[in-house]
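Visitor: Coordinates for the following, if possible.
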Amino acid sequence: MALRRVVITGMGAVSPFGKGVDILMESMIKGQSGVTGLPELAEVGGLRSRVAALVNGIDPKVIPRKYRRSMSKMSIYATLACQDALQQACVSEKYITGGQLGVSIGSTLGSTNITQSFFEDFFTDHSLERMKSTVFFKIMGHSCAANVSQALGITGRILAPSSACSTGSQAVGYGFETIAFGKQDFMLCGGADEYHPLTTATFDIINAASINYNDDPNRTPRPFDRDRDGLVCSEGCGILLLESMKSAQKRDATILAEIIGFATTSDPSSIANPNAAAIETCMMKALKDANVRREEIDYINAHATATIQGDIAESQAIFKLFGSHVPVSSLKGHLGHTMAASGALELVATISMMNRGCIIPTLNLDNVDQSCEKIGHVQGIEKSHIKTVIKNNFALGCVNSSIVLRRYEYD
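Guide: I've put the predicted structure just below:
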C-alpha cells in the first residue's frame, strides 16, 4: 500500500517564555534564558538543585470552566497550544468534530501536584469525603489527550504515549504514521508537562541535576559545555498539527514542513545510561525510513540535556554518523528540559528555524567539552538555508526517538 505524505500546517507552544511560537522564537534568538532560581526548593530535604524554568503569563480562564475544572496545569498548556495550532492552520469545525482529526499527546505522568494535594488531605484523617470528582481526570496518564479532546470536541482516535523525555517525539511520530497509513487526515501531536520538585529530585538523586549555578540560574544548563553539571527541569507544551499533504493542498493550507521519517527504539543495555551505539542506530533507522542519505542532513537538533554521559553519548553517535560538518545545537540552555514536552516544543522551534533561515545556537556553550568537541557545534546565530533536519530525543528507560523533517518546496 502507498503511504500518504504528511505535512505540518499548524503549531502551538507554551514555554517558560509564555504562550505562542513567536515569543518562544524571539526570546531564543535574543539569547534569553527561561531558567530562574527557586529558593523554595530549599524546603525539600536533601534536594540540592534550586533552579527551574516555569511557565508564566498565560490565562487559563480563556478555557470554559466546564472543561477547565478537570484540567491540571499540563492539560491547560496542551489545550492552549492546540487552539493556537488549529487557528494557524485554519482548520474548520467540520474537520475538528467530524472524525477526521485525532489526538496524540503525552506526558510523563498525570499531575504530580494534584496527586500530592490529594494525599496531603487524605492522610490527615484517611477520609475521602473532601475528594472532588474531577481529581482522577487530572492525574490519569492520558489526562492531556483526554482533556484536549473534550475541550475541542474531537471525535477521532486518541493516543497518549508516555516515555519520559521521548514522549513528545513519539507522539509526533505515531501521529505521522497514523496519517501515513490513512487512519486520520489530521492529528494534533505533542507533549506537555508541569513542574513539581519531585521531577528535579529524580535527577538530583542520580547526580544528573544542575546544582552549581543556584545563584546564577541563567548560566545553566550548559549542554556540551566543559563546565556543565546537569539538567534543569522545566515545563510547558509543544503541539504540531499534522495533516495529509492531499488534505493540506485541497484546503490551500500553508505548509510549514514535511515529516519524512521517524524511528523509535529501545536500548536494553541499561535502563538509565545512554548508549552511543543505540543512539546511532535510532538515527540510522530514521534516515532509512525517510529514504535520506546522511549527507543530505543540514542541521541536527540535539537532545543534549547537559548531563555528562548523555551529551558525550549523543555527540559520539552524531560524529560517527555525520562527521563534524553538520551544524548541531541544543535548545535546552534556553528552555531547560521540558520533559515530555521537549521533543515537540523543540520541533516547533526547529521548524521555525527552517522557515526563518537561521540556526539558534546552544546557549551557555562557552567552552566545548573535549569529549564532545568533534561535532559541528553552533555557538552563535547562523544564517542558513536548512532543507533537511534530524531531531533527537532520548529518555530514561533508554527509549530513543529521531524524526526527520524536510522543508516543503512549493511548485
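Visitor: Just the buried positions in the longest helix belonging to the chain, please.
Guide: If you go by DSSP state H, the chain has its longest helix at helix 73-89. For helix 73-89, a neighbour-count test (16 or more other CB atoms under 10 Å) marks 73-86, 88-89 as buried. C-betas here are computed from N, CA, C, even on glycine.
Visitor: Compute the first-to-last residue distance for stretch 155-171.
Guide: By CA to CA, to the nearest Å, the extent of stretch 155-171 from end to end equals 18 Å.
Visitor: Go through it and flag the buried ones.
Guide: For stretch 155-171, the neighbour count (16+ other CB under 10 Å) marks 156-171 as buried.
Visitor: which one of those sits closest to residue 126?
Guide: Nearest to residue 126 among the buried residues of stretch 155-171 is residue 162, at 29.6 Å by CB to CB.
Visitor: so the closest one sits right up against residue 106, yeah?
Guide: Yes: Residue 162 is within contact range of residue 106, at 5.2 Å (criterion: CB atoms under 8 Å).
Visitor: List the buried residues in the helix or strand bottoming out on mean pLDDT in the chain.
Guide: When each helix and strand of the chain is scored by mean pLDDT, DSSP states H and E, helix 112-125 comes last, with a mean of 92. Across helix 112-125, burial judged by 16+ other CB under 10 Å covers 112-115, 118.
Visitor: Alpha carbons of it, as CSV, please.
Guide: Written as CSV, here are the backbone C-alpha positions of helix 112-125 (Å, rounded to 0.1, in the frame of the first residue of the first chain):
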residue,chain,number,x,y,z
THR,A,112,2.0,15.2,40.5
ASN,A,113,0.8,18.4,42.0
ILE,A,114,-2.7,17.2,42.2
THR,A,115,-1.7,13.8,43.5
GLN,A,116,0.3,15.4,46.3
SER,A,117,-2.6,17.7,47.2
PHE,A,118,-5.0,14.8,47.4
PHE,A,119,-2.8,12.6,49.6
GLU,A,120,-1.8,15.5,51.9
ASP,A,121,-5.5,15.9,52.6
PHE,A,122,-6.3,12.2,52.7
PHE,A,123,-3.6,11.4,55.3
THR,A,124,-5.0,14.0,57.7
ASP,A,125,-7.8,11.6,58.7
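Visitor: Report pLDDT for the residue lying closest to residue 68 once chain neighbours are set aside.
Guide: Using CB to CB, 6 or more residues apart in numbering and skipping residues adjacent in sequence, the residue nearest residue 68 is residue 60, 6.0 Å away. At residue 60, the pLDDT value in this model is 96.
Visitor: same check, this time on residue 78
Guide: Taking residue 78 on its own, its pLDDT is 98.
Visitor: cool, the one 3 residues further on as well?
Guide: Taken from the predicted model, the pLDDT recorded for residue 81 is 98.
Visitor: same check, this time on residue 132
Guide: Looking at residue 132, its pLDDT is 89.
Visitor: picking that back up, after the least confident helix or strand of the chain, which helix or strand is next? Please name it.
Guide: Downstream of helix 112-125, the first helix or strand assigned by DSSP states H and E is helix 135-139.
Visitor: Outside of that next one itself, list whatever touches it.
Guide: 70-72, 75, 110-111, 114-115, 118, 143, 146-147 (CB atoms under 8 Å, 6 or more residues apart in numbering).
Visitor: Quick check: mean pLDDT of it?
Guide: Helix 135-139 comes out with an average pLDDT of 95.
Visitor: Show me what counts as buried in that helix.
Guide: Applying 16+ other CB under 10 Å to helix 135-139 flags 135, 137-139 as buried.
Visitor: Same list, those, but as TSV with distance to residue 28 please.
Guide: Compiled in TSV, those are given as follows (distance: CB to CB, whole Å):
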residue	distance to residue 28
135	36
137	34
138	31
139	32
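Visitor: from those residues, which is closest to residue 31?
Guide: Taking CB to CB as the measure, residue 31 sits nearest to residue 138 out of the buried residues of helix 135-139, at 35.9 Å.
Visitor: Report all helices and strands that the helix or strand containing residue 105 contacts.
Guide: Assessed by DSSP H and E, residue 105 sits inside strand 101-106. Contacts defined by 3 or more CB pairs under 8 Å, 6 or more residues apart in numbering; DSSP states H and E place strand 101-106 against helix 143-152, strand 158-159, helix 167-180, strand 186-193.
Visitor: Could you spell out the sheet neighbours of it, each with its direction?
Guide: Strand pairing for strand 101-106, using DSSP bridges, gives strand 158-159 (parallel), strand 186-193 (parallel).
Visitor: Model confidence for residue 63, exactly?
Guide: So, for residue 63, pLDDT stands at 98.
Visitor: what's the neighbour count on it?
Guide: Neighbour count of residue 63, defined by other CB atoms under 10 Å: 18.
Visitor: How about it: what's its closest non-neighbour residue?
Guide: In space, residue 63 is closest to residue 79, 5.6 Å off (CB to CB, 6+ apart).
Visitor: what's the answer for residue 170, then?
Guide: For residue 170, the spatially nearest residue (CB to CB, 6+ apart) is residue 161, at 4.5 Å.
Visitor: I'd guessed the one you found sits against residue 174; true?
Guide: Yes: the pair residue 161 / residue 174 is scored as a contact, 6.3 Å apart, by CB under 8 Å.
Visitor: shared neighbours, these two?
Guide: Common neighbours of residue 161 and residue 174, using CB under 8 Å, 6+ apart, are residue 104.
Visitor: And the residue nearest the centre of this protein?
Guide: Nearest to the geometric centre of the chain sits residue 342, at 2.2 Å (CA atoms, centre = their mean).
Visitor: Contacts only, for that one.
Guide: Residue 342 sits in contact with 165, 168, 191, 238, 303, 332, 335, 393, where contact means CB under 8 Å, 6+ apart.
Visitor: Nearest to residue 271, out of the residues you listed: which one, please.
Guide: Set against residue 271, the nearest of these by CB to CB is residue 165 (13.6 Å).
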